[in-house]
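>>> next input, structure requested:
(one chain, ligands or ions: 1)
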Amino acid sequence: MNNDRTNAPINKKRRRVSGISWRLFGMLTLFVVLTLIVIWTFQVALLNRFYESSKLDEFHQTDEQIFAVVDSEEQLRPTVYMRSVKTDSCIRVFRISDGAPIEIADYDTNMNCFIHRADGMELNRLCESVIEKGGSYTRRMSNSIGDSTVIVTIHVAASKGADGNEYVILQESALLPLSATVTTLEHQFGWIMCILIMGALVMALLLSRLICLPMERMSRSARRLAKGEYDANFFGGGYREAEELAEALNYAASELAKTDNLQKELVANISHDLRTPLTMIKGYGEVMRDIPGESTPENMQVIIDETERLTELVNDMLDLSKIRAGTRKPEPEVFDLTEAISAVMLRYEKFTEQQEYSIIFEKTENVSVNADRTMILQVVYNLVNNALNYTGEDKKVLIRQTVSNGKVRVSVTDTGVGIAPEDIPYIWDRYYKVDKVHKRAVVGTGLGLSIVKGILASHGAPYGVESVIDQGSTFWFELDAVYDGDFEEKLT
Ligand code: ADP
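Just a heads-up that it's a prediction; the model follows:
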């Protein structure tokens, strides 16, 4: 039954959300399709345009290189030859002399090219039109040789040489029919698409396994953890994110285990703490009811003392829960801390006299602070109570107030058992007790220091403890000292 309940919300979620493998597959397929569209656009749809523009670029480069050497006989022929072979085009170069073109260099890669077959008139017309317009032009035409027709581009360019003569270059290059290539490519694209989508499916399955396996393992461990099995171990899957998640979950599990132990200890301690005064109250009450003459003020005092202890325990629990929930916020006021501590000391007077304890308060001057008075005094009470509880045989407790650099430090020192260094980080935790055997002689709810921590943290005040085993401990905290000037400044 219980098991079903823990699984129910997880299963519900799982039904609504699609699996990671399908998502990965969807994303990879989308990526494949987009990539193929881009490739198709460039390789198929724009193939002709790219081909023609690259031809045009070649023509222009040839123009530049030939015009650069057009008036040098030794360089002109090799350049024409080299460009003609490189670009697979026929080239003729003319000098215009008295309006008529005189050929000065040529090379043909195709015996039947138009520019070599053209008669004088046609050549004159080509040269004249480019000289008239200036610069260059390119045109496409069909060149029929016998039965076959080839589409060619003819490029004509004119420029003045360094010698002041006008020169004209004619270039002709066959345009290869690309339709067959395009059809082949289109056919290939269909196959490539199928293969890549299958690949995407396989990749998605492999990737999702890689990601999901550790997740599944971890969710199994999480279910065990939810059932209170804190030894559940989380393992990552060999990649960083899963390892980090496993580490965080292992940390959470160890913290949960710790809290659970503390809660169990709390129940044991609190039930002990509650049961003892309750037993006493019941016992004394029955004695007073049943035995004549036992209704003495001393017996009644025992009942009153035990009731006070119960009240203290309940109040501590309430305080701590309020501080932790943030419902009890500090209400700062400027007050004389030294006087307030002295007033606290007065309250201990009767107790110290009876029990032969000595509490010494050392201070150099009176200091004011801007803090929640009740809360700060609660801190002092808790620290002094602990010091009284844990101090050594000499029953001495020293409260010291020092001021330096605008800060006032209050420290409470005892000469007792001290705290082992390994326990120090934990004593501020709720219900933590160094001595796990609960001693009646040392009263305490296990909440005092966590209340101290909560209050000082809410004031942003530094605090700490220095302790040496069998020599004693010094608990301290610091607040900003407020001087008259500061106070007036605050008021204005
Ligand atoms: P408790 O009510 O048990 O004193 P606290 O939260 O005040 O609870 O203190 C937590 C634990 O820290 C105590 O149980 C004790 O083990 C240790 N501790 C606190 N103050 C002192 C001290 N002055 N000397 C030695 N140990 C101390």
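>>> for this structure, longest strand please?
Across the chain, the longest stretch assigned as strand under DSSP state E is strand 148-160.
>>> any chance you could list what contacts it?
Applying CB atoms under 8 Å, 6 or more residues apart in numbering, the contact partners of strand 148-160 are 52, 55-56, 59, 63, 67, 70, 113-115, 126-127, 129-131, 134-144, 166-175, 177. Every residue, glycine included, has its C-beta placed from N, CA and C.
>>> excluding chain neighbours, what is closest to Ile192?
Leu36 (6.8 Å; CB to CB, 6 or more residues apart in numbering).
>>> look up the pLDDT of that neighbour for me, please.
Reading off the confidence values, Leu36 has pLDDT 88.
>>> buried residues in the helix or strand hosting it, which are they?
Applying DSSP states H and E as the criterion places Leu36 in helix 20-40. Across helix 20-40, burial judged by 16 or more other CB atoms under 10 Å covers 21, 24-25, 28-29, 32, 36, 40.
>>> export the residues you listed to TSV and tack on distance to Arg324?
Compiled in TSV, the buried residues of helix 20-40 are given as follows (distance: CB to CB, whole Å):
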residue	distance to Arg324
Ser21	44
Leu24	43
Phe25	48
Leu28	48
Thr29	51
Val32	54
Leu36	59
Trp40	64
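>>> dump the residue contacts of the nearest residue to Trp22 once chain neighbours are set aside.
Closest residue in space to Trp22, ignoring its immediate chain neighbours: Ala204 at 7.7 Å, by CB to CB, 6+ apart. The contact partners of Ala204, by CB under 8 Å, 6+ apart, come to 21-22, 24-25, 28.
>>> try 6 Å this time
Neighbouring residues of Ala204 by CB atoms under 6 Å, 6 or more residues apart in numbering: 21, 24-25, 28.
>>> farthest pair in the residues you listed?
Farthest apart among those by CB to CB are Ser21 and Leu28. That separation is 10.4 Å.
>>> just for the stretch 301-450 of the chain, where's the confidence low?
430-445 (pLDDT under 70).
>>> please redo it, this time with the cut-off set to 80
For the stretch 301-450 of the chain, the stretches with pLDDT under 80 are 309, 312-313, 316-328, 350-351, 354, 429-447.
>>> that one: helices as residue ranges?
Assigned by DSSP state H, counting those that start in this stretch, the stretch 301-450 of the chain shows helices spanning 337-355, 373-390, 448-459.
>>> redo those as a markdown table? Include distance to Glu244 and mean neighbour count.
Supplementary listing: those in a markdown table, determined by distance: least, CB to CB, whole Å; neighbours: other CB atoms under 10 Å:
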| stretch | distance to Glu244 | mean neighbour count |
| --- | --- | --- |
| helix 337-355 | 46 | 14 |
| helix 373-390 | 38 | 20 |
| helix 448-459 | 28 | 21 |
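>>> how about those helices in TSV, adding distance to Val156?
Formatted as TSV, the helices of the stretch 301-450 of the chain follow (distance: least, CB to CB, whole Å):
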stretch	distance to Val156
helix 337-355	101
helix 373-390	97
helix 448-459	88
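>>> can you put these in CSV and add distance to the ligand?
Shown next, in CSV, are those (distance: least, CB to the nearest ligand atom, whole Å):
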stretch, distance to the ligand
helix 337-355, 15
helix 373-390, 3
helix 448-459, 3
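>>> how about those helices, which one is nearest Gln301?
helix 337-355 (12.6 Å).
>>> show me this structure divided up by domain.
69-177, 240-321, 329-491 (automatic domain parsing).
>>> distance to Met193 added to those domains, as JSON lines?
Output for these, formatted as JSON lines (distance: least, CB to CB, whole Å):
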{"stretch": "domain 69-177", "distance to Met193": "26"}
{"stretch": "domain 240-321", "distance to Met193": "32"}
{"stretch": "domain 329-491", "distance to Met193": "62"}
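>>> next one: the top helix by length along the chain to chain centre, how far?
Counting by DSSP state H, the longest helix found in the chain is helix 240-290. How far helix 240-290 lies from its chain's middle: 35 Å, per CA atoms, centre = their mean, to the nearest Å.
>>> who are the packing partners of that helix?
helix 297-325 (3 or more CB pairs under 6 Å, 6 or more residues apart in numbering; DSSP states H and E).
>>> does the ligand sit close to the helix it packs on?
No - taking CB under 6 Å from any ligand atom as the criterion, helix 297-325 and the ligand are apart, separated by no less than 8.0 Å.
>>> which residues does stretch 327-340 contact?
Contacts for stretch 327-340 (CB under 6 Å, 6+ apart): 322, 363, 366-373, 375, 377, 458-459, 482, 487.
>>> show me where the stretch 1-150 of the chain has helices.
Using DSSP H, counting those that start in this stretch, helices in the stretch 1-150 of the chain cover 2-16, 20-40, 47-68, 73-87, 114-117, 120-133.
>>> and those, which is most packed in?
helix 114-117 (a mean of 18; mean count of other CB atoms under 10 Å).
>>> how far does that helix sit from its chain's centre?
71 Å.
>>> contacts for stretch 267-280 next, please.
Contacts of stretch 267-280 (CB under 6 Å, 6+ apart): 306, 309-310, 313, 438, 446.
>>> perfect, that will be all.
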